[in-house]
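# sequence and computational prediction follow.
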Amino acid sequence: MPNTLSQDYKRTCVWKDDLFAGKVVFVTGGAGSICRVQTEAMVLLGADAVIVGRNGDKAAAAAREVAELRPGAKVLSFAVDVRDINTILEAVKQTVESLGRIDYVIAGAAGNFLAPITGLSANAFKTVIDIDLNGSFNTAKATLPELLKTKGSVVFVSATLHYRGLPFQAHPAAAKAGVDSLMKTIAVEFGPLGIRSNALAPGPIEGTEGMSRLGKGSEHNRQRSYEMIPLGRYGTTQEIADGTVYLFSPAAHYVTGQVLVVDGGQWQTTSPRMDAYPSVMLELAKQPNKI
Ligand code: HXC
């Protein structure tokens with residue numbers, strides 16, 4: 001069971017309860033942790049949703065659970081492999097038949113594993129490019145005609161893996177660099193037609209599937225990684241939810257072509273020796289402000 005949002009989100013978040021009432025969000029990868037939380041936030045704030053995934057049973061189970069968060073919420077699911085645009089087109093058709101429209105798209109289906117380049121076969125590299133990059137293109141291509149009708153908005157799930165070299169992540173890093181580029185192209189091609197295109201790049205988020213599978217380590221390593229994050233901790237699913245809601249909300253109506261990085265400042269700490277500095281830095285930061 002992924003780390004999910006609860007009804008509490010409506011009580012603790014800063015957003016209006018019915019912010020997305022009457023709207024429909026279409027989500028790829030919605031059964032996984034990050035996209036699941038993004039979907040939950042949209043549904044809690046009034047949207048109906050469609051969760052698509054390669055494993056139809058997993059997507060259906062996620063849809064049932066998300067629908068329970070808000071009485072009256074309609075949450076559908078379809079088996080879709082984002083590598084095959086025809087499966088997305090069919091899900092889009094069925095979504096419009098059942099729910100009438102698509103206002104928002106979250107393109108989040110992704111695959112990842114740690115592997116050095118020597119351990120990465122050509123097919124392994126291609127597989128991740130196919131899911132993350134080609135899958136994002138296919139999702140955009142299949143949903144843009146519906147977004148044109150509603151003057152909708154798309155949020156790609158990106159990452160910070162590609163901002164600098166990161167060992168064992170050649171495949172998703174290359175893919176996410178492409179996703180960011182695609183996102184910007186859509187922003188400029190479709191902005192004049194009323195569509196906004198942005199990306200959200202999560203940093204390390206507590207309790208997600210990706211972190212538990214890829215970010216495993218000892219308590220000592222965890223403490224060390226906290227020291228590399230300016231805000232001193234991993235993020236929460238609520239913080240991912242808030243970033244996503246912001247990008248779709250009227251508060252971001254003049255925001256397009258952007259990546260919103262929600263990582264506590266982690267990727268900015270590029271110096272390899274930074275881990276030696278935090279306590280010294282903290283003392284310096286406490287000194288009076290000299291003008
Ligand atoms: C090296 C590997 C590998 C591994 C698979 N392959 N796992 N190579 N190390 N650990 C190789 C296989 O040997 C094969 O190459 C090729 O990849 C395709 O593998 P398949 O299993 O046939 O592919 P498929 O069934 O399509 O599965 C795709 C997948 C899988 C990406 C490999 O892990 C998957 O479905 N993942 C979806 C869920 C997921 O990963 N979510 C995490 C997203 S988190 P050969 O040459 O043998 O044919 C995220 C955030 C990251 O993205 C945050 C970082 C901290």
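Great, that's in hand. Numbers count the residues shown, from 1 in each chain.

# which parts of the stretch of helix or strand residue 127 belongs to are buried?
If you go by DSSP states H and E, residue 127 is part of helix 122-128. Using 16 or more other C-beta atoms under 10 Å as the test for burial, helix 122-128 gives 125, 127-128. To be clear about C-beta, it is placed using only N, CA and C from the backbone, and glycine gets the same treatment.

# also stretch 157-168?
157-163, 168.

# quick one: end-to-end distance for it.
Terminal residues of stretch 157-168 lie 20 Å apart, using C-alpha to C-alpha, to the nearest Å.

# quick one on the thing from earlier: got the buried residues of stretch 157-168 as CSV, with secondary structure and distance to the ligand columns?
Shown next, in CSV, are the buried residues of stretch 157-168 (DSSP: H, G, I helix; E, B strand; the rest coil; distance: C-beta to the nearest ligand atom, whole Å):
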residue, secondary structure, distance to the ligand
157, strand, 8
158, coil, 10
159, coil, 6
160, coil, 9
161, coil, 7
162, coil, 12
163, coil, 13
168, coil, 9
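
# can you lay out the buried residues of helix 122-128 as a markdown table showing pLDDT?
Putting the buried residues of helix 122-128 into a markdown table (pLDDT from 0 to 100) gives the following:
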| residue | pLDDT |
| --- | --- |
| 125 | 97 |
| 127 | 98 |
| 128 | 98 |
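
# name the nearest of the residues you listed relative to residue 119.
Nearest to residue 119 among the buried residues of helix 122-128 is residue 125, at 10.8 Å by C-beta to C-beta.

# for that closest one, list the residues it contacts.
Residues in contact with residue 125 (C-beta atoms under 8 Å, 6 or more residues apart in numbering) are 170-171, 174.

# residue 59: what's it in contact with?
Residue 59 neighbours (C-beta under 8 Å, 6+ apart): 30-31, 51-53, 77-80.

# please repeat the previous calculation with a cut-off of 10 Å.
Contacts for residue 59 (C-beta atoms under 10 Å, 6 or more residues apart in numbering) come out as 27-31, 50-53, 76-80, 91.

# near the ligand, which residues of this structure?
Residues of the chain lying near the ligand by C-beta under 6 Å from any ligand atom: 32, 110-113, 115, 119-121, 123-124, 127-128, 172, 210, 214-215.

# Produce a PyMOL select command limited to the buried residues of those residues.
In PyMOL, a selection of the buried entries from the residues of the chain next to the ligand looks like this (16+ other C-beta under 10 Å):
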select buried, resi 32+110+111+112+115+120+127+128+172+210
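
# surely residue 142 forms part of a helix?
Yes - per DSSP: H, G, I helix; E, B strand; the rest coil, residue 142 lies within a helix segment.

# so who does the residue of the chain found nearest the ligand touch?
Residue of the chain nearest the ligand, by C-beta to the nearest ligand atom: residue 111 (2.6 Å). Each residue near residue 111 by C-beta under 10 Å, 6+ apart is listed here: 29, 54, 82-83, 124, 127-132, 135, 171-172, 175.

# please redo it, this time with the cut-off set to 7 Å
Residues near residue 111 by C-beta atoms under 7 Å, 6 or more residues apart in numbering: 127-128, 131-132.

# these: which two are farthest apart?
Top of the distance list for the contacts of residue 111 (C-beta to C-beta): 127 and 132, 9.5 Å.

# which one (most neighbours) among the contacts of residue 125?
Neighbour counts for those (other C-beta atoms under 10 Å) peak at residue 171, which has 24 neighbours.

# three-state assignment of that residue?
Residue 171 is classified as helix under three-state DSSP.

# against residue 243, how distant is residue 250?
The gap separating residue 250 from residue 243 is 15 Å, by C-beta to C-beta, to the nearest Å.

# so between the two, which is more surrounded?
For residue 250 and residue 243, the more surrounded residue by other C-beta under 10 Å is residue 243, and the numbers stand at 20 against 8.

# name the nearest residue to the more buried one, sequence neighbours excluded.
Counting by C-beta to C-beta, 6 or more residues apart in numbering, residue 243 lies nearest to residue 262, which is 4.5 Å off, once chain neighbours are set aside.

# measure that neighbour to residue 34 for me?
10 Å.

# more crowded one of the two?
When residue 262 and residue 34 are compared for neighbours, residue 34 comes out ahead with 26 against 20, by other C-beta under 10 Å.

# let me see the contact set for the more buried one.
Residue 34 makes contacts with 108, 157, 202, 205, 208, 240, as judged by C-beta under 7 Å, 6+ apart.

# just the pLDDT at the fifth one, thanks.
Read it as residue 208. You'll see residue 208 listed with a pLDDT of 82.
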